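> have a look; sequence and predicted model below, questions after that.
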Amino acid sequence: MRQKLFLLLALFAATITFGACSSDDDGDKTSAESLVGTWYCEMDGYGCEFQFTADGTVTYTETMLEDATSRSRDTGTYRLSGSTLSLHWTKSESWSNYRGEWTIDDTDVEDATVRVRVKGKELTLSPVNADDGSPVTFTRK
């Protein structure tokens, strides 16, 4: 799971160039209700999808666009406090095309924190520390 989390964090830091923040966004309020749903974006050859549920669970799935059988999935819980989204990852899996099912890779606990903004059909995640990368924007499915 550490490798997957590292990839996820590296993905945020290195390729999060699809959105932008401005000072006029400071008045936007993101609520837990507006976060619930499925959010998608494509970057660096991967389809990236977050699924947030009303009960506080989150699933992040990454699919290689050139080979849809190459997929990984992380699951855990989330907590929204103002514009800060805390992610608590508890399980990492990869898709086994041979078995036709998800196989558990790791159950180490990992935590991540990002800034979040939901505006219309766009979810923007930004690193807490501006030096760690740029925002990435997902679209509601």
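Cool, the structure landed. Numbers count the residues shown, from 1 in each chain.
> contacts, neighbours, all on C-alpha from now
Will do.
> can you mark which positions in stretch 74-86 are buried?
74-78, 80, 83-86 (16 or more other C-alpha atoms under 10 Å).
> Leu35: which of those is nearest?
Leu80 (9.0 Å; C-alpha to C-alpha).
> moving C-terminal from the helix or strand hosting the closest one, which element do we reach first?
Secondary structure assignment for Leu80, by DSSP states H and E: strand 71-81. Next in sequence after strand 71-81, counting helices and strands by DSSP H and E, comes strand 84-96.
> quick one: work out the angle between that following strand and strand 71-81.
160 degrees (axes from the mean of the first three to the mean of the last three C-alpha atoms, to 10 degrees).
> pLDDT of strand 84-96, averaged?
Across strand 84-96, pLDDT averages out at 96.
> could you do stretch 115-134 as well?
91.
> with just CA atoms, put that stretch into CSV.
This file holds the C-alpha atoms of stretch 115-134, laid out as CSV (Å, rounded to 0.1, in the frame of the first residue of the first chain):
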residue,chain,number,x,y,z
ARG,A,115,-7.4,21.0,0.6
VAL,A,116,-10.7,20.5,-1.2
ARG,A,117,-13.2,22.6,-3.1
VAL,A,118,-16.4,21.5,-4.8
LYS,A,119,-17.8,24.0,-7.2
GLY,A,120,-20.6,22.8,-9.5
LYS,A,121,-19.5,19.6,-11.2
GLU,A,122,-15.8,20.1,-10.3
LEU,A,123,-13.8,18.8,-7.3
THR,A,124,-10.4,20.4,-6.9
LEU,A,125,-7.8,18.8,-4.6
SER,A,126,-4.8,20.9,-3.6
PRO,A,127,-1.8,20.0,-1.5
VAL,A,128,-1.9,21.6,2.0
ASN,A,129,1.6,23.0,1.4
ALA,A,130,1.7,25.0,-1.9
ASP,A,131,5.3,23.8,-2.5
ASP,A,132,4.1,20.2,-2.8
GLY,A,133,2.4,20.7,-6.2
SER,A,134,-0.5,22.2,-8.0
